[in-house]
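Q: Requesting a structural model of the entry that follows:
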Amino acid sequence: MRLSCALVPLAFLAGAAHASTYPSIPEPMIFDMVRPLGAERGELEVNVLAQTGSPFGANETEWAPEIEYAFARGHAIEFELPFDGRRLAAYKLGLQSSLGASADGRSAHGVQYLGIYHRHSGRYTNTLLYLAGHRFNARWSTMNMIGLDDISLGRRTGRNGLLLNHALFYDARPGTILGAELNVAGGAERSVKLSPQIHRRVSHAANVQLSLGVEKLRAHRARPTAGLRVVREF
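A: Numbers count the residues shown, from 1 in each chain. This is a model prediction of the structure:
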């Protein structure tokens, strides 16, 4: 908690100056961004992500409604309510700041902070990530995140775990994006998750995303996973 209070203001101050043009890069489906880098002031989005593993039963479903708002150009905030089945598991706050664009508007970077209060344990955890995206051409683009989860100055076991999320996207046709997302989490969980996905825009303001993939947790066998995110922008 103390570390988050020190790092977040510095990260937002660092993002005060940025280029005027940002690339259009899809957001990863599983490890969602608060808003796209360079988001315009006043952008508002609500979405719900549901994920489940084998045997794809409702009792294993994790889902989370969230609301995202860009309160200034390139700066956004989100509130999320993660559920484990029918149980409200946590309260989640996200802050994101764009740090600028380069390469004639084809590359962009930023920072993201996540603060989570876990209702069952009463713990508050902090996550800080660096974001870097690049559009190679009209069809191919990538978004990458790297940072630390459950940050602690004491270097306790299971804390300060590495977080890495790499997503590669292909604009197959207008309104349809194909992607593959790789998420690696260290710390206590030590998980690896690969999520091939499809994003389909069903209207000007609505987007549906679907993934089928595989996940490997520490001391567990690999298992299939499925995910669905429904997005509505305003």
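
Q: Give me the residue ranges of the chain where confidence is low.
A: Counting by pLDDT under 70, the chain contains low-confidence residues at 1-20, 54-59, 154-158, 188.

Q: Geometric centre of it: which residue is closest?
A: residue 32 (2.4 Å; Cα atoms, centre = their mean).

Q: just the helices in this structure please.
A: Per DSSP state H, the chain carries helices over the ranges 2-14.

Q: And the strands in it?
A: Applying DSSP state E to the chain gives strands spanning 44-53, 62-72, 75-80, 83-84, 87-88, 90-102, 107-118, 124-135, 140-149, 161-173, 176-185, 191-201, 206-216, 223-233.

Q: which outside residues touch the second one?
A: If I follow you right, that is strand 62-72. Contacts to strand 62-72, defined as Cβ atoms under 8 Å, 6 or more residues apart in numbering, come from residues 32, 34-35, 39-52, 76-85, 89, 92, 94. The way it works is simple: take the backbone N, C-alpha and C, and place the C-beta from them, glycine included.

Q: got the angle between it and strand 44-53?
A: Computed by axes from the mean of the first three to the mean of the last three Cα atoms, to 10 degrees, the angle separating strand 62-72 from strand 44-53 equals 160 degrees.

Q: what about the closest residue to the residue nearest to the centre of the chain other than its chain neighbours, neighbour count?
A: Of all residues not flanking residue 32 in the chain, residue 49 sits nearest, at 6.8 Å (Cβ to Cβ, 6 or more residues apart in numbering). By other Cβ atoms under 10 Å, 21 other residues sit near residue 49.

Q: partners of residue 49 in the sheet?
A: With DSSP bridges as the criterion, residue 49 is bridged to residue 64, residue 229.

Q: Which one, of the strands of the chain, ends up nearest to residue 24?
A: Closest approach to residue 24 among those (Cβ to Cβ): strand 124-135, 6.9 Å.

Q: Output the contacting helices and strands for that closest one.
A: Counting contacts by 3 or more Cβ pairs under 8 Å, 6 or more residues apart in numbering; DSSP states H and E, strand 124-135 packs against helix 2-14, strand 107-118, strand 140-149.

Q: run the last query once more with 10 Å
A: helix 2-14, strand 90-102, strand 107-118, strand 140-149, strand 161-173 (3 or more Cβ pairs under 10 Å, 6 or more residues apart in numbering; DSSP states H and E).
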